[in-house]
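Colleague: Here is the input, now give the coordinates:
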Amino acid sequence: MSLLFLLIIGIIFFVLLIFILSPEYGLISIIRRMKKEQTRELIEDALKHLYDCEYNRVDCSLSSISGNLSLSKNKTAEVIIKLEAMNLISSGENKISLTSEGRSYALRIVRIHRLLERYLADHTSIQETEWHNIAEAKEHETSEEEARKLAAQLGNPLLDPHGDPIPSESGEIPSRKGIQLNKLENGKFASIIHIEDEPKEVYSQFSALGLYPGMQIYLVENSKEKIRFEADGEECILAPILASNITVVPILEKEQVKESFKKLSSLKQDESAIVVGISKAMRGQQRRRLLDFGVVPGTIVRAQLKSLSGDPTAYDIRGAMIALRKNQSDLIYIKRI
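Modeller: Have a look, this model is predicted:
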């Protein structure tokens, strides 16, 4: 074996040794940091779950934390022991509660999460069903200073896009009002103020129906089998257990649900109409794009040209030809001229 070969082997071994043992960049150091960050994420996720239980006035237990974090009960018990050692929780008689320090910590994470969702809704074109997962991943990486800057950039919003209140920087948060949709009486008008975004499969159904906070509805039927209601001129049917994930505030009939205007997509070729509003379901960059095009109440639009499939359609808006997909024109309300 040549001396050069032995020298090369020695250099490679030395480099590997440095890579493994380096206190700052070595493999062992990287593994330790990953474990530390993973532990912090588990702690923060557990605190969020405990806060949700407290806010919704339900008891929290080892089993509920285990299910929420998708951990074994043994691993969950380790997290709980660590939380107690940090004076973030107190436990007893099969019930776990937040201490004042734990509640403050939980509210910081909740604030960051909801600010991130507000940003994703208003400033990106990311699908609404993905907002929660992205915010879940980013909340552990966002500092309080970054959250403060984000809140200022967004105009210090009070609600996230699902209708959940955003805690203030000092940790103040209003109590939730309203009733569950499945408790609304037949023949009553109401306004949706909150839609639960977990689990994702359930929220996807609400998204597919086009439901959003601020939407006004009329309850047609409330039975043990189904909840049937009208929203934006469309009939929606939900199982009662799903309807319990939607919070509404009853409104007086004399206040009237928004007049049943037509959708821009209903215009036939060469027909004209006046824009009367844009659905709150139209968010973020798409909404700003429409406003930039001049799609505001009072604007006259004309269906100029339809594609062979009928989608998209080209509209004459303030002298410019704008092509819109049906899923966009469905969210623009008009009154025919």
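Colleague: Please, where are all the helices along this structure?
Modeller: 3-21, 27-55, 62-69, 73-85, 100-123, 131-138, 144-153, 200-208, 240-243, 284-293, 326-329 (DSSP state H).
Colleague: right, and those helices - which one's nearest residue 305?
Modeller: helix 326-329 (13.4 Å; Cβ to Cβ). For the C-beta atoms, the positions are set from N, CA and C on the backbone; glycine is no exception.
Colleague: What average pLDDT does the closest one get?
Modeller: Averaged across helix 326-329, the pLDDT comes to 83.
Colleague: try stretch 149-166
Modeller: Mean predicted confidence for stretch 149-166 is 90.
Colleague: That one spans what distance, first to last residue?
Modeller: Using Cα to Cα, to the nearest Å, one end of stretch 149-166 lies 15 Å from the other.
Colleague: Likewise for stretch 82-100?
Modeller: One end of stretch 82-100 to the other measures 16 Å (Cα to Cα).
Colleague: neighbouring contacts of that stretch?
Modeller: Under the criterion Cβ atoms under 8 Å, 6 or more residues apart in numbering, residues 39, 43, 46-47, 50-51, 54, 59-62, 65, 80, 101-102, 105-106 lie in contact with stretch 82-100.
Colleague: Check stretch 298-311 too.
Modeller: 264, 267-275, 295, 313-318, 321, 325-326, 334, 337.
Colleague: Buried ones among the contacts of stretch 82-100?
Modeller: Buried members of those, counted by 16 or more other Cβ atoms under 10 Å: 43, 46, 47, 50, 51, 54, 60, 65, 80, 102, 105, 106.
Colleague: Rebuild those residues as CSV, extending it with pLDDT and distance to residue 154.
Modeller: Shown next, in CSV, are those (pLDDT from 0 to 100; distance: Cβ to Cβ, whole Å):
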residue, pLDDT, distance to residue 154
43, 90, 27
46, 91, 27
47, 93, 24
50, 92, 27
51, 91, 22
54, 88, 26
60, 85, 31
65, 86, 31
80, 89, 35
102, 93, 27
105, 94, 23
106, 94, 21
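Colleague: Can you redo these as TSV, where the extra columns are distance to residue 200?
Modeller: Output for these, formatted as TSV (distance: Cβ to Cβ, whole Å):
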residue	distance to residue 200
43	23
46	20
47	21
50	21
51	20
54	23
60	22
65	20
80	26
102	27
105	25
106	22
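Colleague: coming back round to it: could you export the helices of the chain to CSV, including columns for distance to residue 234?
Modeller: Below are the helices of the chain laid out as CSV (distance: least, Cβ to Cβ, whole Å):
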stretch, distance to residue 234
helix 3-21, 60
helix 27-55, 31
helix 62-69, 34
helix 73-85, 43
helix 100-123, 22
helix 131-138, 23
helix 144-153, 35
helix 200-208, 12
helix 240-243, 16
helix 284-293, 20
helix 326-329, 14
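Colleague: deepest of the ones you listed, which one?
Modeller: helix 100-123 (a mean of 21; mean count of other Cβ atoms under 10 Å).
Colleague: and the angle for it with helix 144-153?
Modeller: 40 degrees (axes from the mean of the first three to the mean of the last three Cα atoms, to 10 degrees).
Colleague: So what angle separates the directions of helix 100-123 and helix 73-85?
Modeller: Going by the same axes, to 10 degrees, helix 100-123 is angled at 110 degrees with respect to helix 73-85.
Colleague: What distance do you get for the closest residue to residue 40 other than its chain neighbours to residue 181?
Modeller: Closest residue to residue 40 apart from its sequence neighbours, by Cβ to Cβ, 6 or more residues apart in numbering: residue 140 at 6.8 Å. According to Cβ to Cβ, to the nearest Å, residue 140 and residue 181 sit 33 Å apart.
Colleague: Looking at the two, which is more packed in?
Modeller: For residue 140 versus residue 181, neighbours defined as other Cβ atoms under 10 Å are more numerous around residue 181 (24 against 16).
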